[in-house]
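[1] Sequence and computational prediction follow.
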Amino acid sequence: MTPHFSLHQLGWKPFFQLQLSLEELENSIPARVFGVERSLIYLLSSEGSLTIPVIKSMPDLAVGDWVVVDTEHRFIRLLERMSLFSRKASGTQVYRQLISANVDTLLIVSSLNNDFNLNRIERYLALAHEAKVEPIVLLTKADLCENPEPFVEAVQALDKMLPVFAVNAQDQASLQALDLWLSPGQTLAFLGSSGVGKSTLVNTLLGGALQETNAIREADSRGRHTTTSRSLHLTPSGVLLLDTPGMRELQLADCAQGVDETFADISALAMQCKFSDCQHESEPGCAVQAAIQSGKLDQRRLLNYRKLMKEQAFNAGTLAEKRAEDKRFSKMVKSAKNIKQRKT
Ligand SMILES: Nc1nc2c(ncn2[C@@H]2O[C@H](COP(=O)(O)OP(=O)(O)OP(=O)(O)O)[C@@H](O)[C@H]2O)c(=O)[nH]1
Ligand SMILES: [Zn+2]
């Protein structure tokens, strides 16, 4: 038996509906990707679960993507994404690996112990902003912390508009503050170091340990329970929880915009510096240094801004360099082949 979900429960939104032509509205089926394997794509639609083969003409797909298939379940096209997390993948060829798409909210998870680290939270915020996903910070293990309040305040100081909550990930009642973000059809993803409570949060939100949706198990007709097929869970209230292993390996690459957005206060101050190319070190008329002197801006924050900007530029650089290197190499192979052919 395949359970059925409405498109709304699967996260369908006007943004996707508006992309369909009249022809597609009548003759095609929208479906959400919840598992990606080398040769198979697992989909959920309002008609149940589908498995389709990967074909050459298909674009790269990520968990969370919306696609349309025809009535015979053949892939037609990928719909434009609302948001996308990707990472630089290495190997023989360096390319951008897609991690997850159409996430509405990113739960940045940090525990109230040695893991608590503002620099790391800023790094995750930059990733969220770059992916165009709304971040929320969850400070877990509040039950083990004598006074969570100063930690909440320190995170709140990073961004006045940022929702920040101290919670006990094992306790459903303590997660009630999240209700605003837990309406049916919303897709949530998690980011945080190992051991901070991401799996615990997923389980608590699912209302009991490992209460995975049947749809996700059933979709694999051969009864296999693969990692990919476990990456999207549906809670009893119709919230989609995305928990792909790839989220754990996200890096900052090529995301100057995400970093800038995360440090909007510094960018705004920089506009007031006397020199447009001010490095905010010891230049005269530097508004950023003035803010540090007057206690309005934390020195730590400026240092982390610099560090993250450098890191993303470096990673973006190596990505571009690798591509150029690959090109040079294939040219070399080609010309070597030509020489060989001429000789023989
Ligand atoms: N007391 C308490 N324990 C928690 C809380 N959150 C998580 N834990 C415990 O911390 C341990 C690690 O939690 P996990 O949920 O496995 O952490 P994770 O982030 O999924 O870790 P990885 O799978 O390694 O990425 C488990 O023993 C949890 O029971 C909390 O809010 N309070
Ligand atoms: Zn300056």
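    That came through fine. The shown structure was predicted, so the numbers you read here are calculated from the model rather than taken from an experiment. Ligands and ions are numbered 1, 2, ... in the order given.
[2] contacting residues for the residue nearest to the spatial centre of the chain?
    The centre of the chain sits closest to F85, judged by CA atoms, centre = their mean, with a distance of 3.8 Å. Neighbouring residues of F85 by CB atoms under 8 Å, 6 or more residues apart in numbering: 62, 98-101, 103, 127, 131, 133, 189, 246-247, 250. In this view, the C-beta of every residue, glycine as well, is placed from N, C-alpha and C.
[3] And the protein, split by domain according to the record?
    Split into domains by automatic domain parsing, the chain comes to 14-82, 99-249, 256-343.
[4] Name the stretch from those that approaches ligand 1 most closely.
    domain 99-249 (2.8 Å; CB to the nearest ligand atom).
[5] so does that closest one get close to ligand 1?
    Yes. Part of domain 99-249 sits near ligand 1 under the criterion CB under 6 Å from any ligand atom, namely 140-141, 143-144, 168-170, 192, 194-200.
[6] just those residues now: which is nearest ligand 2?
    Nearest to ligand 2 among the residues of domain 99-249 next to ligand 1: G192, at 33.1 Å, using CB to the ion.
[7] about what we covered before: just the buried ones among the residues of domain 99-249 next to ligand 1, please.
    Buried residues within the residues of domain 99-249 next to ligand 1, counting neighbours by 16 or more other CB atoms under 10 Å: 140-141, 168-169, 192, 196-198, 200.
[8] Can you pick out the most distant pair from those residues?
    N168 and G192 (15.3 Å; CB to CB).
[9] secondary structure element for S86?
    strand 84-89 (DSSP states H and E).
[10] Past that strand, which element shows up next along the chain?
    strand 95-101.
[11] From the contact counts, what lies against that following strand?
    Contacts defined by 3 or more CB pairs under 8 Å, 6 or more residues apart in numbering; DSSP states H and E place strand 95-101 against strand 84-89.
[12] and the strand it packs on with strand 95-101, angle?
    Strand 84-89 runs at 150 degrees relative to strand 95-101, counting by axes from the mean of the first three to the mean of the last three CA atoms, to 10 degrees.
[13] chain center to strand 84-89, what's the gap?
    Mean C-alpha position of strand 84-89 versus that of the full chain (CA atoms, centre = their mean, to the nearest Å) differs by 8 Å.
[14] Now that strand - C-alpha only, PDB.
    The C-alpha coordinates for strand 84-89 follow below in PDB (Å, rounded to 0.1, in the frame of the first residue of the first chain):
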ATOM      1  CA  LEU A  84      19.600  25.400  -3.000                       C
ATOM      2  CA  PHE A  85      22.400  24.000  -0.800                       C
ATOM      3  CA  SER A  86      25.400  22.800  -2.700                       C
ATOM      4  CA  ARG A  87      29.000  21.900  -1.900                       C
ATOM      5  CA  LYS A  88      32.300  21.700  -3.700                       C
ATOM      6  CA  ALA A  89      33.000  18.000  -4.300                       C
END
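[15] average model confidence for it?
    On average, the pLDDT along strand 84-89 is 80.
[16] Check which residues of that strand are buried.
    Buried, per 16+ other CB under 10 Å, within strand 84-89: 84-89.
[17] from the residues you listed, which is closest to L206?
    F85 (21.7 Å).
[18] The longest strand seen in the chain: partners in the sheet, and parallel or antiparallel?
    In the chain, taking DSSP state E as the definition, the longest strand is strand 28-36. Taking DSSP bridges as the criterion, strand 28-36 sits next to strand 40-45 (antiparallel), strand 66-70 (antiparallel) in its sheet.
[19] Make a markdown table out of those and add distance to ligand 1 and mean neighbour count.
    A markdown table is the format used below for these (distance: least, CB to the nearest ligand atom, whole Å; neighbours: other CB atoms under 10 Å):
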| stretch | distance to ligand 1 | mean neighbour count |
| --- | --- | --- |
| strand 40-45 | 22 | 23 |
| strand 66-70 | 27 | 20 |
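[20] Those: which one's closest to ligand 2?
    strand 66-70 (43.7 Å).
[21] which element follows that closest one toward the C-terminus?
    strand 75-78.
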